[in-house]
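Peer 1: Build me a structure from this.
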Amino acid sequence: AQATSSLGDGDVTLSVSSPLSLGSTRAGTRTHRSSHGGTLASSVSSPASGWKELSDSLNAASAMQSLPAALLLDDDVLQAELATSSSAPISDNERIQPLTPNNLAYVIYTSGTTGKPKGVTNTHAAAVNLVGAQIEGFCIDPHSRLLQFASFSFDACVSEIMTALLSSGVLVLPDSVEVRLNLVQISDCCLKYQVTHVTLPPVLLRSVDVNCLSNLETLIVAGEACPSSLVARFANNRRFLNAYGPTEATVCASMSAPLDPIIDGSENSGNVPIGSPISNTQIYILDSTLGPVPIGSIGELYIAGAGLARGYLGRSGLTSERFIANPFSERGAPFGGAGSRMYRTGDLARWRADGNLEYVGRADHQVKIRGF
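Peer 2: Residues are numbered from 1 along each chain as shown. Predicted coordinates for the structure are as follows:
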């Protein structure tokens, strides 16, 4: 039911529009730095859009054709072949080319607002940046015991698995899939294996008995807006953090400091903050002309920095639409330098005077049902 591992130092280190006058106000910006196949629509609005959809369809079809056949890891023949292979680490001499931090680490699919699955391609560098920021922000150490709650098809599992193993902590694996669907079993699992850290969606946490999570040291909520009532109930005697981030920014782009049950849990305190950008990440709140909006004003949230994905697998048109040129890029900056990109999230947010972000809603008509 549990697994633990201590990993040594790896060689993986960390690795998104129109012109805008940099002389304009920067009140709406903040940065934090540290050490598939589709079908062509039957009608299109213009020849240009028709070519764009055709291009996306061809790119998607090409990508699907290039995918390798599935491997059945429990196949007897394959197991016999693997038994004859060396268990030593693969060297660069055995690869087509050397492995770098900017190489692809994983592809994870998300539907977003379109309903058409799209594969987000994330790098080793982005994953390492995520892990470093969350180990520090969540206060994870070798004594920590993290519940692996998220499904393997959901990007949050990357955070849970990597932060546990790369801090020499314990990753607690539920006995069965049903544990994730049963509030009593979740609570029993946390108590049985003395879980200290867990990340849960607010919609699930609403139905959890606060007394069943008495062993928790750190409780993180993410995936949707967190109501202040949850902070009031669960922030006593533990660290309670609110995290935010799309798959295209490698799970997490911002996180709050530990929230106060009285201040942040008050019904009159407004929206629960999603904090400030994690390490090596920049967040911009912009208007429709990509101009920064004043503090307190609502704008669309854009993300730049080390966590940005490469784009969407086989969908160059959609990639160029959502990952756009960063008009605020600084020459010589390690992340967000000249030629960098930023990701248009479609989320609405605003800066508070204390430097924290508030999630307000969506710029489109996207809705979530049971967390999806």
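
Peer 1: can you give me the helices in the chain?
Peer 2: Using DSSP state H, the helices assigned to the chain run over residues 47-66, 76-83, 124-137, 156-165, 183-192, 202-205, 228-234, 316-322.

Peer 1: Please tabulate those helices in CSV and include distance to Ala338 as additional columns.
Peer 2: C-betas here are computed from N, CA, C, even on glycine. Listed next are the helices of the chain as CSV, based on distance: least, CB to CB, whole Å:
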stretch, distance to Ala338
helix 47-66, 27
helix 76-83, 45
helix 124-137, 18
helix 156-165, 29
helix 183-192, 47
helix 202-205, 39
helix 228-234, 41
helix 316-322, 18
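
Peer 1: Mind putting the ones you listed into TSV with distance to Val293 and mean neighbour count?
Peer 2: Shown next, in TSV, are these (distance: least, CB to CB, whole Å; neighbours: other CB atoms under 10 Å):
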stretch	distance to Val293	mean neighbour count
helix 47-66	29	15
helix 76-83	55	10
helix 124-137	26	23
helix 156-165	29	22
helix 183-192	40	17
helix 202-205	26	18
helix 228-234	24	20
helix 316-322	20	18
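
Peer 1: Now mean pLDDT and distance to Leu216 too, for the ones you listed, in TSV please.
Peer 2: Formatted as TSV, the helices of the chain follow (pLDDT from 0 to 100; distance: least, CB to CB, whole Å):
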stretch	mean pLDDT	distance to Leu216
helix 47-66	51	42
helix 76-83	90	39
helix 124-137	97	16
helix 156-165	96	14
helix 183-192	87	7
helix 202-205	91	11
helix 228-234	95	8
helix 316-322	95	36
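
Peer 1: So which of these is nearest Ser276?
Peer 2: When these are compared by CB to CB, helix 124-137 sits nearest Ser276, at 10.4 Å.

Peer 1: and the angle for the closest one with helix 156-165?
Peer 2: For helix 124-137 and helix 156-165, the angle between their directions (axes from the mean of the first three to the mean of the last three CA atoms, to 10 degrees) works out to 60 degrees.

Peer 1: got the contact list for helix 124-137?
Peer 2: Residues from elsewhere that reach helix 124-137 (CB atoms under 8 Å, 6 or more residues apart in numbering): 12-15, 34, 99-106, 140, 158-159, 162-163, 166-167, 241, 250-252, 255, 278-281, 305-309.

Peer 1: Give me the neighbour count for Asp287.
Peer 2: By other CB atoms under 10 Å, the residues close to Asp287 number 13.

Peer 1: Hmm, it is touching Gly299, no?
Peer 2: Yes: using CB atoms under 8 Å, Asp287 makes contact with Gly299 at a distance of 5.4 Å.

Peer 1: Spit out the residues that contact these two alike.
Peer 2: When contacts are counted by CB under 8 Å, 6+ apart, Asp287 and Gly299 have Val293 as shared neighbours.
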